[in-house]
Structure formats: C-alpha cells, structure tokens
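**Q** coords below, sequence missing:
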C-alpha cells in the first residue's frame, strides 16, 4: 500500500523534476563551458570537449600576471568604484529615507515626489549630459567621474524610507532626551536598527555597480581607468580568435560575484522577491 | 526657536546635499537633454543654435534609426512575454515539488546576477559557426543543420534576445515564486473538496491571483528589453549592432550618434524619443492591465 502510494506520488512529480532539470542545464551550461574553455590552451580550445584532456592554468597566469593585460588594474578599479559608491549609497539613502520617514517639515511631499520621479528616467537619457558635465569639469578618466552618477540611488531612498517608518518614535525621542545630537542619533541609534535592510541594499548596490557597463564605458577612455566589464569588452574585442583568453577574462570578471552570490544567496533571493534588483 | 522649527531645519540640513544631487545629476540633465534636442549642439561646435524640430525630422528620415526602433520593438514584444511565460511555468513547477526548491531557484538566479558583458561573450563563443561553437557542435550530434546565429541578419536578433531571456528568467521566477507562496493553500484545498481538478484550480484561482505580479513584471521586463544595450554592444561585430544593423537597438543608436559621431543633439533627440516610448508603453500596460488585475 505505502509503496504504491509513494510510486504514485513519484510519478506525479517526475515530469516537473525533469523539466526543471532540463532548464537548470540550460542555465548552468554556459558557466561550465566558460570554465572548461578557460582551462584549455590554444591547441585544445577548438575541441568540443567538456573536460579538457590537458587542463592548464596558463590562461589565468596570462590574464592575471602577464604585462600584456591590465586585468589586475581593472579589477582594482571595479573594487574601488563598487565599494565607494556602495558606502555613499548606504549613508545618504538611509539619511534621506530617515528624514522623509521621521521628520515633519514644509515641502516634504514635494521633496518625496521629486526624488521618486527620478526613478522614471532611464540611464540612457542621462549619459550624454553627464558626459558633457564630466568634460566641462575635467572628470573624464577619474574615479569620481565614473562614480558620481551613482552616489545616491532614488530606489534605495524609497526602500530605506519604508524600513525607517517601522522604527518606534519613542526610541529616537529617548535619545534626544539624553542630549544626543541629531546626526549622532542617526548614526548610533537609527542605522544599527535597520542593519538588515542596509545589508540588502549594500549587496544589490555592489552587484549593480560591479556589473554596470554603459556609463563606465563612456566615462573612461584610458585603459588604466576601465572597470572590469569595460576592460573585458575592450580586451575581447581586440583578442580576435583567442577565445581561451576571452573565456578566462570572463571567468575572472565573474568570480567575485559568484563568491558574493554564494555567501549572501539567502539575502539576494529575499531581496529580489521583495523589490527587484535593478534600479 | 520652537522644537518644530528646529526639526524642520535639521531635516533640510540632512536633505541639502542629496537634493543638490537629485537636481544636478538627475532632473537637471534630463531638462538639459530636452532643450538640447532642439539645437544643433555638437562636441566639435563652439556655439549652439536653436533649430526647432529639425533634429527630429532628420531622425525620422534616417533609415538606420527607424530600423533600430523596429529592432527595439521586436526585442520588447517578443522578449518580455517569452520571459514571463517561461518563468511562470518554472515557478509553478517549483511550487509543486516537495524537495530541491531552493537549489533550483539558486541555479535560475545565477545568470541574473553575473555581469552581462561576461555572459554576452560566453554566449558569443557558444554561438560560433562550426567547428568552433558548442551549440553547433550539439546540433551536429543531433543531426540538425548548423545555425548561423550571430552571423545572419535573420537569426542574430533572436539569438541576442534569447540571451536576455536567459538572464532575466531568474528574476521573474523568483518574484513569481514569492507571489505563489503568498496564496493561501486553504483556497485551492477548498476548491478541490468542492470537486475542482488541478487545471481548474490553476485557471480559476492561482492565475487570477498572480495577475498583479504578472502585470508588474510585464512593465519591468518591457522596459528592460526596450533599453537593451550591453548585450547588443558585446555580441555584434565591432559593437556595431550588425550584421547590417539587424540587431541595433535604440540605445546603441544613441550611443553611436553621441560617442562615435559626436552628433550630440541628434543623439539627444533620439533619447527623448526612447524615453517617450518607454513612458507610453508603461502607461498603456498600466491602463490595459488595470481592468483585469483587480478582483
């Protein structure tokens, strides 16, 4: 009896599992193929073998340590850009979110509407004036030039405002009675209370900035200022048929993100479900 | 000074820098762009002259722009519904299985968080003609004819579109799955006691309750596909949107006008057009779905 029941259950879910497995292979295969190609040398790269006969790390040595590529520099640039913009977004987005959630002042509605309305403007519309601005102020080919459009995110303000409104007013008032200054209250009392939301915002912002392409492509014309995606696009465009190098470069550009993803997978999935990732 | 004024002052002190940012980096540039689209602004020009709708007239008589617009529509009209149907199917399947939900979801989300540039080059490698490309290798083993993919004006756009579908599926699946988990199980169980079969439960209960999410995703994905740039830039020869402009999107057209030809005003007018299209599509979708979403 029990056996038969189980068999029936299995027969019911088997088609679901096979379809899911089929799509999983499609989702994962490009990553596997990239990794496999990055372990082949020029004599093996055109063999359609999943497991290279003589796997080699030579491509990684070339990409990371040879004088012919600037990958380490691009890697560093991406780290600097992603960390600085994320730090700025965390501070300013929660500051604005806090102010909008917890303060009463004339013009509040207008300020809120003004910030939210900028969510509608696509980046494609803004890159040309940003470039004109960066040229006029000599920001082209500087870190600040790459970073300035992303220093505050309207989406993050919206998110943080939501979380800030759940903080009880009594807590803030108690800190005021204790004689703490307003900025002090914000940093030492309010920010720790929204730490989980800050973590989500930080992860998304880091991923978004690490992957950003259009503006960094325009803001940097000198190879030493490229971020990793721009560098990879440029390198691959010039590499011609050196696909073993291109796949290794792609793997290097992905590695930190896969790491972040595996460490923070729970927050990422939760965050996507909550709000959606791309701003 | 009263407490209320003190608080208002603090609020404006906190908001000062962010307000400057939103005015100078978001709203200001947007207005600047609008104004400049009516001038003959170019990076190589010293003075700027008002020329009314001239840019727009030239733009709409440029066959390349019209083709880019057509391509952009093709990306959105085919891309968004395909992503949504596929991810709805996967979310429903994921919701129905007893074990392994988390692992599958993780696998589906992976392409969404990896850099689009890297992913585009991996697919470009896989799309290579025989004997280089793995996809053609697999087609060969299955006894199917080889595909030209990125090298053919007919197949290139669907090939790039497929990659974006592959990228966006994890996002939509995750949101659908979250939506499915908010539907109380009692509802479908009650319907089943009343004699409804699985298909009826799906059609009469689950799908209607997912309508608001489907609508939200339609808008989001519609916008996402209308703005397609990075994939086209990295998957076409010399980043030109070829072969024969067959994959060029509006965003790539704007980029080339501005940063290859330095025709800033022409690019400005094209980006105003793209912005208007995104706005109109969003509003239309809101209107269309509003009638069906609310139960």
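**A** Yes, it's here. These numbers were taken from a predicted model, which means no experiment stands behind them. Residues are numbered from 1 along each chain as shown, chains lettered A, B, ... in the order given.
**Q** show me where pLDDT drops low in the stretch 1-150 of chain B?
**A** B:44 (pLDDT under 70).
**Q** what about 80?
**A** B:1, B:3, B:43-47 (pLDDT under 80).
**Q** tell me the pLDDT at the residue most central in space within chain A?
**A** The residue lying closest to the centre of chain A (C-alpha atoms, centre = their mean) is residue A:207, at 1.0 Å. pLDDT recorded at residue A:207 is 90.
**Q** need the three-state assignment for it.
**A** Look at residue A:207: counting by DSSP: H, G, I helix; E, B strand; the rest coil, its state is helix.
**Q** biggest helix in the chain by residues?
**A** Here I'm looking at chain A. With secondary structure taken from DSSP state H, chain A has its longest helix at helix A:2-38.
**Q** my question was about chain B
**A** Taking DSSP H as the criterion, chain B has its longest helix at helix B:63-96.
**Q** mind listing what residue B:246 touches?
**A** Counting by C-beta atoms under 8 Å, 6 or more residues apart in numbering or on different chains, residue B:246 makes contact with B:67, B:71, B:153, B:154, B:156, B:157. (Glycine included, C-beta is placed from N, CA and C.)
**Q** re the thing from before, how about the helix or strand following the longest helix of chain A against chain B, any contact?
**A** Following helix A:2-38 in sequence order, the next helix or strand is helix A:58-65 (DSSP states H and E). No: between helix A:58-65 and chain B, judged by C-beta under 8 Å from any C-beta of the partner chain, nothing touches; the nearest distance is 12.7 Å.
**Q** contacts for helix A:58-65?
**A** So helix A:58-65 is in contact with A:38-41, A:68-69, A:71-72, A:244-245, A:247-249, A:252, going by C-beta under 8 Å, 6+ apart.
**Q** report the central residue of chain B.
**A** Central residue of chain B (C-alpha atoms, centre = their mean): residue B:224, at 1.3 Å.
**Q** pretty sure it contacts residue B:169?
**A** No: using C-beta atoms under 8 Å, residue B:224 is not in contact with residue B:169, being 11.9 Å away.
**Q** residues near residue A:200, how many?
**A** Residue A:200 sits with 22 neighbouring residues when counted by other C-beta atoms under 10 Å in any protein chain shown.
**Q** just give the closest residue to it, not the sequence neighbours.
**A** Once flanking residues are discounted, residue A:200 sits nearest to residue A:271: 4.5 Å by C-beta to C-beta, 6 or more residues apart in numbering or on different chains.
**Q** give me the below-cutoff pLDDT ranges for chain A.
**A** Chain A contains residues with pLDDT under 80 at A:1-6, A:9-10, A:12, A:273-279.
**Q** could you check whether the longest helix of chain B is close to chain A?
**A** Yes: using C-beta under 8 Å from any C-beta, helix B:63-96 comes into contact with chain A via B:89, B:90, B:93, B:94, B:96.
**Q** cool, stretch B:114-133 as well?
**A** Yes: Stretch B:114-133 reaches chain A (C-beta under 8 Å from any C-beta) through B:114-119, B:121-123, B:125-126, B:128, B:131-132.
**Q** give the ChimeraX command for selecting the buried subset of those residues.
**A** To isolate the buried subset of those in ChimeraX, counting by 16 or more other C-beta atoms under 10 Å in any protein chain shown, use the following:
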select /B:114,115,116,117,118,119,121,122,123,125,126,128,132
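**Q** keep only those of the residues of stretch B:114-133 next to chain A that are in strands.
**A** Judged by DSSP state E, strands contain none of the residues of stretch B:114-133 next to chain A.
**Q** that older thread, give me the three-state assignment for the residue nearest to residue A:200.
**A** helix.
**Q** excluding its backbone neighbours, what's nearest the residue nearest to the centre of chain B?
**A** Closest residue to residue B:224 apart from its sequence neighbours, by C-beta to C-beta, 6+ apart: residue B:168 at 6.4 Å.
**Q** helix or strand: which one has the one you found?
**A** helix B:156-182.
**Q** angle of that helix against helix A:2-38?
**A** 140 degrees (axes from the mean of the first three to the mean of the last three C-alpha atoms, to 10 degrees).
**Q** list the helices and strands the helix or strand following helix B:156-182 packs on?
**A** Next helix or strand after helix B:156-182 toward the C-terminus (DSSP H and E): helix B:185-193. Here helix B:185-193 touches helix B:198-201, going by 3 or more C-beta pairs under 8 Å, 6 or more residues apart in numbering or on different chains; DSSP states H and E.
**Q** which elements pack onto the helix it packs on?
**A** Packed on helix B:198-201, when contacts are counted by 3+ C-beta pairs under 8 Å, 6+ apart, are helix B:185-193.
**Q** tell me the buried residues in the helix it packs on?
**A** B:188, B:191.
**Q** how many neighbouring residues does the residue nearest to residue B:39 when sequence neighbours are not counted have?
**A** Nearest non-adjacent residue to residue B:39, counting by C-beta to C-beta, 6+ apart: residue B:48, 4.9 Å away. Applying other C-beta under 10 Å, we find 14 other residues in the vicinity of residue B:48.
**Q** got a markdown table for the contacts of helix A:58-65, with neighbour count too?
**A** Formatted as a markdown table, those follow (neighbours: other C-beta atoms under 10 Å in any protein chain shown):
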| residue | neighbour count |
| --- | --- |
| A:38 | 25 |
| A:39 | 21 |
| A:40 | 23 |
| A:41 | 13 |
| A:68 | 10 |
| A:69 | 20 |
| A:71 | 23 |
| A:72 | 12 |
| A:244 | 26 |
| A:245 | 22 |
| A:247 | 26 |
| A:248 | 27 |
| A:249 | 30 |
| A:252 | 23 |
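**Q** report the two of those residues separated the most.
**A** A:40 and A:72 (22.7 Å; C-beta to C-beta).
**Q** for the host helix or strand of residue A:231, name the packing helices and strands.
**A** Using DSSP H and E, residue A:231 sits within helix A:228-239. Where contact means 3+ C-beta pairs under 8 Å, 6+ apart, helix A:228-239 is packed against helix A:71-102, helix A:195-211, helix A:214-219, helix A:243-263, helix B:116-126, helix B:230-235.
**Q** right, I'll call it a day here.
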